[in-house]
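Visitor: what's the 3D shape of this:
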Amino acid sequence: GPRAGTTNGSSASSSNAGPPYNASSGASATGGGAGAGSGAASQGQATSTAAPVAAPDLPVVSGLTPDRGPRSGGTWVTIEGSGFTGTTVVRFGSHAARFVVLSDSRLRAEAPAGAAGSVDVEVTTPPGTSVPSPSGRYSYQ
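Guide: Below is the predicted model of the structure:
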């Protein structure tokens, strides 16, 4: 009687030792392979989708009314274009201006004082700053 119990206990121990070894060995091989594959796929997707998504979000200045004013500043200028939602800064040359966003395609800014001549009016949003263009030039007189 007692020997049969001991034998049963031994065989139970050895069979219990088997599954954890197999499970942990299989899990690490599978987990490592899946992790490396997922990381590579994520990096590839981030690189390929980041550039096309960012470009259309940049604001575009397509017109200023009026496009000129006194050097003393104070002229409220309507800026037309696109991508103005979330505007953080409007600059006339290197000088920041007070502004109010009216819509995604229109805002109003108060021209700061400036030296005689023309400057680029630039609109900055979280994705970036508008690219200077002839339609975004303001003349101080």
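Visitor: and the longest strand belonging to the chain, which strands flank it?
Guide: Identified as the longest strand of the chain according to DSSP state E is strand 117-125. If you go by DSSP bridges, strand 117-125 pairs up with strand 89-92 (antiparallel), strand 128-129 (antiparallel), strand 137-140 (antiparallel).
Visitor: So for Gly114, which of those strands sits nearest?
Guide: strand 137-140 (4.4 Å; CB to CB). Where you see a C-beta, it was placed from the backbone N, CA and C, and this is true even at glycine.
Visitor: got the buried residues for the closest one?
Guide: 137-138, 140 (16 or more other CB atoms under 10 Å).
Visitor: average model confidence for the longest strand of the chain?
Guide: Per-residue pLDDT over strand 117-125 has a mean of 98.
Visitor: Need the residues that contact it.
Guide: Strand 117-125 is contacted from outside by 57-59, 61, 64, 77, 79, 81, 83-93, 107, 109, 129-130, 132, 136-140, using CB atoms under 8 Å, 6 or more residues apart in numbering.
Visitor: Start and end of stretch 98-108, how far apart?
Guide: 8 Å (CA to CA, to the nearest Å).
Visitor: ah, wrong one, I meant stretch 109-124
Guide: Termini of stretch 109-124 sit 13 Å apart (CA to CA).
Visitor: Please give me every residue in contact with Ala78.
Guide: One correction, residue 78 is Thr, not Ala. 64-65, 106-108.
Visitor: hey, what's the nearest residue to Gln141 once chain neighbours are set aside bridged with?
Guide: The shortest distance from Gln141 to any residue other than its chain neighbours is 5.8 Å, reached at Arg68 (CB to CB, 6 or more residues apart in numbering). Beta-bridge partners for Arg68, by DSSP bridges, are Ser139.
Visitor: Same question for Val60.
Guide: Ser82.
Visitor: Tell me which residues touch it, please.
Guide: Val60 sits in contact with 81-83, 130-131, where contact means CB under 8 Å, 6+ apart.
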